[in-house]
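Q: Fold the following, please.
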Amino acid sequence: MKIILTEKVAKLGNIGDVVDVKMGFARNYLLPNGKAMRYSKENLAVFETKKAELTAKQEGAKKSAESLVDKVANAKFHMIRSAGDTGHLYGSVSSRDIARMLAELTGVKIESAQVLLGNPIKTIGAFNTKIALHADVIVPVKIYVAQTQDEIDALVAGKVLTFGTKKIEDEVAPEPEAKAEEVVEPVAEEKTEESAE
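A: Model (predicted):
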């Protein structure tokens, strides 16, 4: 589907670019959010009349985003979550959780799509990600996920947390002993043979 971009969209184009996108992306995201217009001669003429206004609006949004960079960069993303013995979370930390936490910490409200997390966080640790306040304003942040505040403090200090290695070794050790017991069983069979004689 051909569309005209009414604002800069990351990995797609700038204001006024005519691009081909998938029908679902255009109908479900770009068009309803006012980021694009359907391509036609009439809409192209409408865009040309509004181009200066849209460009000014885009510059204003960029300056507004730039004013929030320090606030977002200095936010402490410390998330306390329940996890198993091996450090795997019960659940995960998603981009929606990070967007919600940013709003709580700083008052900066963003959509979860602006958190460039990739895959949800499923283990305890420190993770680097980015928040796109604007297509041209991307702020790197660090997310700390742990079970307690003490563990988070250790992660912030740069320590590496280890989980479950001793318990896993303890669980593996009894298996050879069980095999040793199986070796004893043939002796019991010999007794039955003697009684048969």
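Q: quick one, phi psi at Met37?
A: phi -130, psi 150 (degrees, to the nearest 10).
Q: give the contact list for the residue nearest the centre of the chain.
A: Centroid-nearest residue in the chain, with CA atoms, centre = their mean: Leu117, separated by 3.3 Å. Residues in contact with Leu117, defined by CB atoms under 8 Å, 6 or more residues apart in numbering, are Ser94, Ser95, Ile98, Thr129. For glycine as for every other residue, the C-beta is placed from the backbone atoms N, C-alpha and C.
Q: Just put these in a markdown table and tack on pLDDT, secondary structure and neighbour count.
A: As requested, the contacts of Leu117 are exported to a markdown table (pLDDT from 0 to 100; DSSP: H, G, I helix; E, B strand; the rest coil; neighbours: other CB atoms under 10 Å):
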| residue | pLDDT | secondary structure | neighbour count |
| --- | --- | --- | --- |
| Ser94 | 93 | coil | 15 |
| Ser95 | 93 | helix | 21 |
| Ile98 | 93 | helix | 24 |
| Thr129 | 92 | strand | 17 |
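Q: how close does the residue nearest to Met101 when sequence neighbours are not counted get to Thr129?
A: With CB to CB, 6 or more residues apart in numbering as the criterion, Met101 has its nearest non-adjacent residue at 6.1 Å, and that residue is Phe77. Per CB to CB, to the nearest Å, Phe77 is found 9 Å from Thr129.
Q: hey, what's in contact with both of the two?
A: Ile98, Val141, Lys142, Ile143.
Q: could you say what helices and strands the host helix or strand of the last one packs with?
A: Take DSSP states H and E as the rule and Ile143 turns out to sit in strand 137-146. Identification of packing neighbours for strand 137-146 by 3 or more CB pairs under 8 Å, 6 or more residues apart in numbering; DSSP states H and E yields helix 41-67, helix 69-73, strand 77-80, strand 88-93, strand 121-123, strand 125-134, helix 149-156.
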